[in-house]
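Trainee: I would like to see how this sequence folds:
(2 chains)
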Amino acid sequence: MIDLLIRAQPLLEKAVLVTLGLGLGSFILGSMLGMVIALARMSRWRALRWLAFCYVSIFRGTPLLIQILLIYFGLPSWGIVIDPIPAALLALTLFAAAYLSENFRSGIIAVDRGQWEAAQSMGMSYPVTLWRVILPQAIRIAIPTLGSRLIALMKDTSLASTVTVVELTRVADQIGATTFRYMDMFLLVGAIYWAINQVLTILQTMLENRLAKRYQ
Amino acid sequence: MDHITTDQNIPVRVRGLTKAFGANQVLRGVDLTVAKGEVVVIMGPSGSGKTTFIRSLNLLETPDGGTVEVCGIAIDGAQAASSRHERRKVAQIRQKTAMVFQSFNLFPHMTALGNVIEGLVSVRGMARGPARERGRALLDRVGLLAKEDAYPARLSGGQKQRVAIARALAMEPEVIFFDEPTSALDPELRDEVLKIMRELANDGMTMLVVTHETRFARDAADRIVFMEGGVVVEDAPPDVFFGPQASERSKQFLGQLHD
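Mentor: Below you'll find the predicted structure:
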């Protein structure tokens, strides 16, 4: 397996970067969109709440694979052609946002009502209350679930291989096909996913400990 | 609403305030006027509506009917929070008043000093430097300058409530509402909070205090308002309220408090 690893190294290095880019990129972009959706779901305006609800329902209720295929193979029939990597990133972002919005929403709901009241009673506006008082606490509450979401997303990037994105899974498939060593290649790539997620888990724990220390 | 005359010397004027939670009619027409510099203690059995009443004064509870006029800004209960104009008036009232809560409600992700200056910085738009200076002076006033960098989780209940009072004072409110400020504290921690409240009263701060602390009510209040069943049943100076002329109902209530 070592010989294979050495031969595949240049390809794997690039593939790891693509996988990391898709995973982290869609997590960051999806968090931004997810936060907007979470706030929309708690909006005073019914139409906005309804729109956000529909978004979550659609993107959480359909397979990610279908979403990726729709964007890459479906949209061209409407004249919209997107390159493989942007298409995969877009699909992963839209998909992640649906889930992340629920993580943020439950974090916001979990913040004690007294925090809203203390902020409001000093005349703080709604946006300032959110930004200064509620979101810092809500995000901290949500960190464990956000960590799980990021790890799930890292693994979901493998679906980008279906639209010709050369990420870890596709590289494994390609090298496996030329060397007939599928077993070794998929084991190797599986181990790389695992290692990435181990690092993310450790980082999450460190972040949690740091915040816990600060609050006490 | 035009019939309400605004008067700067009457920070709080409430007429016919009503509020129901579902089928539970909590306030049944409360009238109360508080003059500038007055300390009014609101007492009453649980369920009498006193907490709902004080929370209505800065519109944390939206009344169903009646009028609330605080610091010269009048809110019609029936229309409160229904329009942008009404909401702006609510914001004005909140900027001129402050509230101290039973459960402190300090911001856990900010230090003691951070809590005190938050309103100055993010509501008043004051620069951080001068805000910190003022915040330190206020922490000093409540005897907690040494704790300026401590997060709330590191403070005792009494210290938390003193920080909360400093936070309230930072906004230079015209009136402070205290909603059972010592009820969540162990008896030995209450005095440090009550001492600061007494000092505020002596300094001429207008205060409305919902509390069961009879000693504080007796020697710091100008008036005791006794509520029961969602109405004010007695409104008297402490020497009358605690004296032999008090109504049978309030005597009975005070007797129960001491049991």
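
Trainee: give me the nearest residue to the residue nearest the centre of chain A, chain neighbours excluded.
Mentor: Per CA atoms, centre = their mean, the C-alpha nearest to the average position across chain A is that of A:Phe27, at 3.2 Å. Nearest residue to A:Phe27, sequence neighbours excluded (CB to CB, 6 or more residues apart in numbering or on different chains): A:Leu150, at 5.0 Å. Any C-beta I mention is one placed from the backbone N, CA and C, and that applies to glycine too.

Trainee: who are the contact partners of residue 144?
Mentor: Going with chain A. Applying CB atoms under 8 Å, 6 or more residues apart in numbering or on different chains, we find A:Pro144 in contact with A:204, A:208.

Trainee: oops, chain B please
Mentor: B:112, B:159, B:162-163, B:166.

Trainee: re earlier: helix or strand for the residue nearest to A:Phe27, which one?
Mentor: Using DSSP states H and E, A:Leu150 maps to helix A:135-156.

Trainee: return the following helix or strand past that helix as CSV; C-alpha atoms alone will do.
Mentor: Sequence-wise, the next helix or strand downstream of helix A:135-156 (DSSP H and E) is helix A:168-179. Output of helix A:168-179 as CSV, limited to C-alpha atoms (Å, rounded to 0.1, in the frame of the first residue of the first chain):
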residue,chain,number,x,y,z
LEU,A,168,-10.7,12.2,-2.9
THR,A,169,-13.3,9.7,-3.9
ARG,A,170,-12.9,10.3,-7.6
VAL,A,171,-9.1,10.0,-7.4
ALA,A,172,-9.5,6.7,-5.5
ASP,A,173,-11.9,5.5,-8.2
GLN,A,174,-9.6,6.6,-11.0
ILE,A,175,-6.5,5.1,-9.6
GLY,A,176,-8.3,2.0,-8.6
ALA,A,177,-9.5,1.6,-12.2
THR,A,178,-6.0,1.9,-13.7
THR,A,179,-4.3,-0.3,-11.1
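
Trainee: elements contacting helix A:168-179?
Mentor: The helices and strands touching helix A:168-179, judged by 3 or more CB pairs under 8 Å, 6 or more residues apart in numbering or on different chains; DSSP states H and E, are helix A:2-41, helix A:182-215.

Trainee: do I have it right that B:Glu38 meets B:Met205?
Mentor: No - using CB atoms under 8 Å, B:Glu38 makes no contact with B:Met205, being 9.7 Å away.

Trainee: in the strand or helix carrying B:Lys89, which residues are buried?
Mentor: Per DSSP H and E, B:Lys89 falls inside helix B:84-96. Neighbour counts using 16 or more other CB atoms under 10 Å in any protein chain shown place B:86, B:89-96 of helix B:84-96 among the buried residues.

Trainee: what are the ranges of the helices in the stretch 1-150 of chain B?
Mentor: With DSSP state H, counting those that start in this stretch, the ranges of helices along the stretch 1-150 of chain B come out as B:50-57, B:84-96, B:112-122, B:128-141.

Trainee: need these in a markdown table (columns: distance to B:Ala150 and mean pLDDT).
Mentor: Formatted as a markdown table, the helices of the stretch 1-150 of chain B follow (distance: least, CB to CB, whole Å; pLDDT from 0 to 100):
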| stretch | distance to B:Ala150 | mean pLDDT |
| --- | --- | --- |
| helix B:50-57 | 29 | 94 |
| helix B:84-96 | 27 | 88 |
| helix B:112-122 | 5 | 96 |
| helix B:128-141 | 10 | 96 |
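
Trainee: in JSON lines, list those along with distance to chain A.
Mentor: Conversion of the helices of the stretch 1-150 of chain B to JSON lines gives the following (distance: least, CB to the nearest CB, whole Å):
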{"stretch": "helix B:50-57", "distance to chain A": "8"}
{"stretch": "helix B:84-96", "distance to chain A": "4"}
{"stretch": "helix B:112-122", "distance to chain A": "4"}
{"stretch": "helix B:128-141", "distance to chain A": "13"}
